[in-house]
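[1] Sharing a model that was predicted from the sequence below.
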Amino acid sequence: MTDLSAGQLVIVATPLGNLGDLSARALALLATADAVFCEDTRHSRTLFSANSISPNGRLFALHEHNELEQSVEVIARISRGETIVLISDAGTPGISDPGTRVVAAVAKAGLTVTTAPGPSAVIAALSVAGIDTERFVMEGFLPRKAGERAGRYQEWVNERRTIAFYESPQRLVTTFGELAERFGDRQVCIARELTKLHEELIRGTVAEVAAKLQGREILGEIVVILAGASEAPPVDEAMVTDCLRERLVAGDSTKAAANYAAQLYGVSNRSAYELALAIRSTL
Ligand code: SAM
C-alpha cells in the first residue's frame with residue numbers, strides 16, 4: 001500500500017447493488033479523503049448517507065463531459081498533498097465509466113495512482129457464468145447502430161476467447177435475435193441484477209436463451225457472457241479443392257473463388273488463392 005501522507009489518487013470500487021459489498025478500506029477512504037470525485041454527486045450522497053459518512057463539502061462531479069477539466073483540479077490537489085478518491089455510480093471507475101483519462105493525466109504528471117479494488121459487474125458476471133474464464137475479452141457496451149454491431153459480430157466469428165459485454169434491458173431481445181442468427185449453438189449466460197434482490201442468471205445456448213426471452217419483460221442491469229468460438233475442426237483439403245474447382249468451373253475469377261473458399265473453410269485467402277491458381281492451370 002502507498003504512503004497515505006503523500007498526495008495520491010485512489011480509485012475506489014463501490015457496490016453494484018448490495019451495500020454490504022463496500023470494503024472496509026473503501027469505507028475508510030470515503031470517510032477520510034480530502035475530496036471525492038464522483039460520476040453523479042446526488043447518487044453518491046446516497047452511498048455516503050447509507051454508510052453514515054458526512055460528505056462535508058468534499059463531493060465533486062467528474063463525468064465524461066468534464067473529466068479533462070477536473071483532471072487539472074485533481075492534479076493540483078494531489079500536488080498539495082491531498083488524498084483524492086474517485087468513485088463511479090457503481091462498480092469500478094474506468095470500466096465503461098469515467099476514470100481512465102484522469103488516471104492517465106495524474107500518472108503523466110508523475111503523481112501516485114492507487115486502488116481500493118472491489119466490485120465490477122463484468123468480473124462478477126464472469127465468476128458466476130460457468131463459461132471458460134481462462135481468456136476473455138470485454139466489449140463494454142455494444143454499438144447502437146445495427147451496422148456497427150454487425151461488424152462487431154463478424155469479429156467474434158473466429159474469437160476463441162469468452163466475450164463479455166454490458167447490455168441495456170431495452171436492447172436485450174434485439175441483441176439476442178441477432179446473436180441467435182450467428183452464434184445459436186454457443187453457450188451464453190445473462191447475469192441480471194447481480195447482488196440485488198432480483199438477481200437472476202439465464203443460461204443455455206444462445207438459441208435457447210433467445211427463446212426464453214420471447215414474451216418476457218426484462219428489467220434491470222445486465223451483463224452478457226458469451227462463449228468464444230470452439231476450436232475449428234481440421235480443414236479437409238479435399239473439400240477446399242472440390243469447392244474451388246466447382247467455383248472456377250462455374251465462372252468465378254481466381255480471386256473470387258479463393259475468397260469464397262477461404263471464408264467457408266476458415267483457411268487463409270493466400271493459401272486458397274494459391275490452390276485456386278493451381279487448379280485453374282489444370283482446367
Ligand atoms: N464500472 C462499472 C463496473 O465496474 O461494474 C460498470 C459501469 S457501466 C456504465 C454500467 C453497466 O454495468 C450496466 O448498464 C450493466 O450492464 C452493468 N451492471 C452494473 N451493475 C450491475 C448488476 N448489479 N448486475 C448486472 N449488471 C450490472
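    On my side now, so go ahead.

[2] from here on, contacts and neighbour counts on C-alpha atoms
    Fine.

[3] Report whether the expected contact of Phe165 with Arg152 is present.
    No - counting by CA atoms under 8 Å, Phe165 stays clear of Arg152, with 11.5 Å between them.

[4] what does this structure put close to the ligand?
    Counting by CA under 6 Å from any ligand atom, the residues of the chain close to the ligand are 16-17, 90-93, 95-97, 120-122, 166-168, 191-195, 221-223.

[5] From these, which land in helices?
    Secondary structure assignment by DSSP state H places Ala121, Val122 of the residues of the chain next to the ligand in helices.

[6] Show me which of the residues of the chain next to the ligand are buried.
    16-17, 90-93, 96-97, 120-122, 166-168, 191-195, 221-223 (16 or more other CA atoms under 10 Å).

[7] now the helices for the stretch 51-200 of the chain?
    67-79, 100-108, 121-129, 146-156, 172-183 (DSSP state H, counting those that start in this stretch).

[8] Could you dump the ones you listed into TSV with mean pLDDT and distance to Arg203 added?
    TSV is the format used below for the helices of the stretch 51-200 of the chain (pLDDT from 0 to 100; distance: least, CA to CA, whole Å):
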stretch	mean pLDDT	distance to Arg203
helix 67-79	97	38
helix 100-108	98	32
helix 121-129	98	8
helix 146-156	96	19
helix 172-183	97	13
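
[9] want to throw the ones you listed into TSV with distance to Gly251?
    Below are those laid out as TSV (distance: least, CA to CA, whole Å):
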stretch	distance to Gly251
helix 67-79	58
helix 100-108	53
helix 121-129	48
helix 146-156	28
helix 172-183	29
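
[10] Pull out the buried residues from stretch 214-221.
    Judged by neighbour count (16+ other CA under 10 Å), stretch 214-221 contains these buried residues: Ile218, Glu221.

[11] err, stretch 274-283, not the other one
    For stretch 274-283, by 16+ other CA under 10 Å, it's Leu275, Ala276, Leu277, Ile279.

[12] Tell me the gap between stretch 135-149 and the middle of its chain.
    8 Å (CA atoms, centre = their mean, to the nearest Å).

[13] So which bits of it are buried?
    In terms of neighbour count (16+ other CA under 10 Å), stretch 135-149 has its buried residues at Phe136, Met138, Gly140, Leu142.

[14] try stretch 145-165
    Neighbour-count burial for stretch 145-165 flags Tyr153, Trp156, Glu159, Arg160, Arg161, Thr162, Ile163, Ala164, Phe165 (criterion: 16+ other CA under 10 Å).

[15] Strands of the stretch 101-250 of the chain, start to end?
    For the stretch 101-250 of the chain, strands defined by DSSP state E, counting those that start in this stretch occupy the ranges 112-116, 136-141, 162-167, 187-192, 200-205, 222-226.

[16] For the fourth one, name the packing helices and strands.
    Meaning strand 187-192. helix 121-129, strand 200-205, helix 206-213, strand 222-226 (3 or more CA pairs under 8 Å, 6 or more residues apart in numbering; DSSP states H and E).

[17] circling back: next, show the common contact partners of Phe165 and Arg152.
    Residues touching both Phe165 and Arg152 (CA atoms under 8 Å, 6 or more residues apart in numbering) are Leu142.
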